[in-house]
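A.B. asks: can't give you the sequence, but here's the structure:
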Ligand SMILES: Nc1nc2c(ncn2[C@@H]2O[C@H](COP(=O)(O)OP(=O)(O)OP(=O)(O)O)[C@@H](O)[C@H]2O)c(=O)[nH]1
């Protein structure tokens, strides 16, 4: 946690220094360096799930980038520089204020009933609506269950919060009609005060005019009128779900050493790892060893063209969708189109602007990762699916043994068939999703959470022993049993049973799952809505 906030603050410090260097020298090169730092900070804020701050940074970056393309704007006027200084100061102040709460502080609590249990995310969400709006109470109740601190205010009220909210949710009085002036004014006021908070406007009619006016006033997300409350919650929960931080690996296929140095510098500045090969003949070996997430391919090389190499690469199933970005001095549009038709993903003209190069590479890699992820994730809940969860558990066991700690819980919703039978499948699905959100909201990013079967989930907690896991999951069990699930005639309550096993009693992923499953069956036999610890050491088959 410390490490994360320090790295953000260090980046902010560099940014500030670069801006000061530019201000004292007025050299455009320094301005470029400042923009590069800004871009790095935006990326890092996105990775740290601070979308509000990231978009504030992005806005400043766009403002700065205008000076790259429009030469008539240079040198930067005093007035423009002052505006940039102010925008930068606001971002830096917010960043310092966010320093601790910005990062999810989830660690295993030593004492079970401490007031501020670190496993629970205490993050403010501001709901603005007319007094007594029916959605207000429902949002407050649901958000509290998932570990948020909701605050509801009327349109004209000033919020009294100890820190900026993660999100602001605007609920208009009338569904599916344009936001009245009073709501737009409140939105503007709040956005000015909480620059970094993410603003959701609910029940927005599908008219371009309405969406544009809300965006101008500061809305980040406009949710159409037909979207249900449960889906709105899922979007807010997605906001806090951190993505695993992974490095981006890029393989450069380029015969010119100068071009390689230029590209590697640009990638390096943006935290992208790279390796270069000077001949396409060693491409397959480099791909196997380095496992790149994208390839930057020169178009014209001594042995063959980039297009030929890419076509050959696409014959190998493993590399069929690996992003390939061509780099060439080629400006002939027809040639570029042909190159893309033959298997490339993007064409950049050399020498590429470093910011554009890094941003294209990152975008392509993110899309590629999303595509890979979709095969590993369950579509109803967004959690890891059965086989991906098993694979990840095996890795966690390997990392934990021989001396580390790891606990595995199998969780199964009680009498789920009767929920489906009495209230219908869509309500059953909603109960499954609610449990997924609760687990996502309460567990650490490093924990494994998977949907193991229909209404069965698997959880693996690294660095945690059996007793600690029992305590933690029991709190989640208790909260889940109190959570109301809306249906056509009111709300129902559900519960789950859970079995837990841990290393070192169990020494393989298979043994952990079997032992936890056996304990889960015992929990069902003992009356459900309870947690049972595995009692027996299993021998690996
Ligand atoms: N709505 C919905 N139902 C599902 C899904 N996957 C499985 N189910 C249903 O979940 C039910 C599971 O029922 P059972 O295994 O008999 O167990 P149970 O009713 O939960 O009872 P206990 O586990 O003994 O407490 C079956 O009726 C499945 O059809 C799903 O994705 N959505």
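C.D. replies: Received, thanks. Since the structure is predicted, the reported quantities are computational estimates derived from the model, not experimental observations.

A.B. asks: show me what contacts the closest residue to residue 217 other than its chain neighbours?
C.D. replies: Nearest non-adjacent residue to residue 217, counting by Cβ to Cβ, 6 or more residues apart in numbering: residue 187, 4.4 Å away. Just so you know, the C-beta spots here come from the backbone N, C-alpha and C atoms, and that holds for glycine as well. Contact analysis of residue 187 by Cβ atoms under 8 Å, 6 or more residues apart in numbering lists 170, 179, 199, 201, 214, 217-219.

A.B. asks: Please flag which of those residues sit within strands.
C.D. replies: Among the contacts of residue 187, the members falling in strands are 170, 199, 201 (criterion: DSSP state E).

A.B. asks: the longest helix in this structure is where?
C.D. replies: Counting residues, the longest helix found in the chain (DSSP state H) is helix 2-25.

A.B. asks: quick one, strands of the stretch 151-300 of the chain?
C.D. replies: Along the stretch 151-300 of the chain, the segments classed as strands by DSSP state E, counting those that start in this stretch run 167-170, 198-204, 221-224, 249-253, 273-277, 294-298.

A.B. asks: any idea how far the residue nearest to residue 217 is from residue 347?
C.D. replies: According to Cβ to Cβ, to the nearest Å, residue 187 and residue 347 sit 41 Å apart.

A.B. asks: So this structure: which segments form each domain?
C.D. replies: Listed domain ranges for the chain are 2-98, 123-240, 249-374, 386-533 (source: automatic domain parsing).

A.B. asks: quick revisit: may I see the strands of the stretch 151-300 of the chain arranged in a markdown table, with mean neighbour count and mean pLDDT as well?
C.D. replies: Output for these, formatted as a markdown table (neighbours: other Cβ atoms under 10 Å; pLDDT from 0 to 100):
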| stretch | mean neighbour count | mean pLDDT |
| --- | --- | --- |
| strand 167-170 | 26 | 92 |
| strand 198-204 | 23 | 89 |
| strand 221-224 | 17 | 86 |
| strand 249-253 | 22 | 94 |
| strand 273-277 | 17 | 92 |
| strand 294-298 | 26 | 93 |
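
A.B. asks: can you put those strands in a markdown table and add distance to the ligand?
C.D. replies: Supplementary listing: the strands of the stretch 151-300 of the chain in a markdown table, determined by distance: least, Cβ to the nearest ligand atom, whole Å:
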| stretch | distance to the ligand |
| --- | --- |
| strand 167-170 | 28 |
| strand 198-204 | 26 |
| strand 221-224 | 24 |
| strand 249-253 | 36 |
| strand 273-277 | 39 |
| strand 294-298 | 35 |
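
A.B. asks: So for the one residue in the stretch 1-150 of the chain that gets nearest to the ligand, what pLDDT did the model give?
C.D. replies: With Cβ to the nearest ligand atom, the shortest gap between the stretch 1-150 of the chain and the ligand falls at residue 142, namely 19.4 Å. As predicted, residue 142 sits at a pLDDT of 77.

A.B. asks: Same question for the one 4 residues further on.
C.D. replies: The confidence metric pLDDT takes the value 72 at residue 146.

A.B. asks: likewise the one 3 residues further on?
C.D. replies: You'll see residue 149 listed with a pLDDT of 85.

A.B. asks: any idea how far it lies from residue 223?
C.D. replies: 21 Å.

A.B. asks: got it, and residue 501?
C.D. replies: With distances taken as Cβ to Cβ, residue 501 is found 41 Å from residue 223.

A.B. asks: just residue 152 next, same as before
C.D. replies: 18 Å.

A.B. asks: picking up where we left off before, for the residue of the stretch 1-150 of the chain closest to the ligand, grab the count of nearby residues.
C.D. replies: Using other Cβ atoms under 10 Å, residue 142 is surrounded by 22 other residues.

A.B. asks: Which strands and helices lie in contact with the helix or strand harbouring residue 124?
C.D. replies: Per DSSP states H and E, residue 124 falls inside strand 123-128. Contact here means 3 or more Cβ pairs under 8 Å, 6 or more residues apart in numbering; DSSP states H and E; on that basis strand 123-128 packs against helix 134-145, strand 148-153, strand 167-170, helix 181-193.

A.B. asks: rerun that using 6 Å as the cut-off
C.D. replies: Contact here means 3 or more Cβ pairs under 6 Å, 6 or more residues apart in numbering; DSSP states H and E; on that basis strand 123-128 packs against helix 134-145, strand 148-153, strand 167-170.

A.B. asks: Tell me which of those sits most buried.
C.D. replies: Highest mean neighbour count among the helices and strands packed on strand 123-128 (mean count of other Cβ atoms under 10 Å): strand 167-170, with a mean of 26.

A.B. asks: Would you mind listing the outside residues contacting it?
C.D. replies: 125-128, 190, 197-201, 236 (Cβ atoms under 6 Å, 6 or more residues apart in numbering).

A.B. asks: Show me what it pairs with in its sheet, parallel or antiparallel.
C.D. replies: Neighbouring strands of strand 167-170 in its sheet, by DSSP bridges, are strand 123-128 (parallel), strand 198-204 (parallel).

A.B. asks: and those as a markdown table, adding distance to residue 320?
C.D. replies: Output for the strands paired with strand 167-170, formatted as a markdown table (distance: least, Cβ to Cβ, whole Å):
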| stretch | distance to residue 320 |
| --- | --- |
| strand 123-128 | 41 |
| strand 198-204 | 36 |
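
A.B. asks: For residue 435, which of the ones you listed is the nearest?
C.D. replies: Residue 435 lies closest to strand 123-128 among those, at 20.3 Å (Cβ to Cβ).

A.B. asks: gap between the closest one and the chain center?
C.D. replies: 20 Å (Cα atoms, centre = their mean, to the nearest Å).

A.B. asks: Give me the contact list for it.
C.D. replies: Residues from elsewhere that reach strand 123-128, judged by Cβ under 6 Å, 6+ apart: 136, 139, 143, 148-153, 159, 161, 165-170, 186.

A.B. asks: now do stretch 329-340
C.D. replies: By Cβ under 6 Å, 6+ apart, the list of residues contacting stretch 329-340 from outside reads 299, 307, 326, 347, 350.
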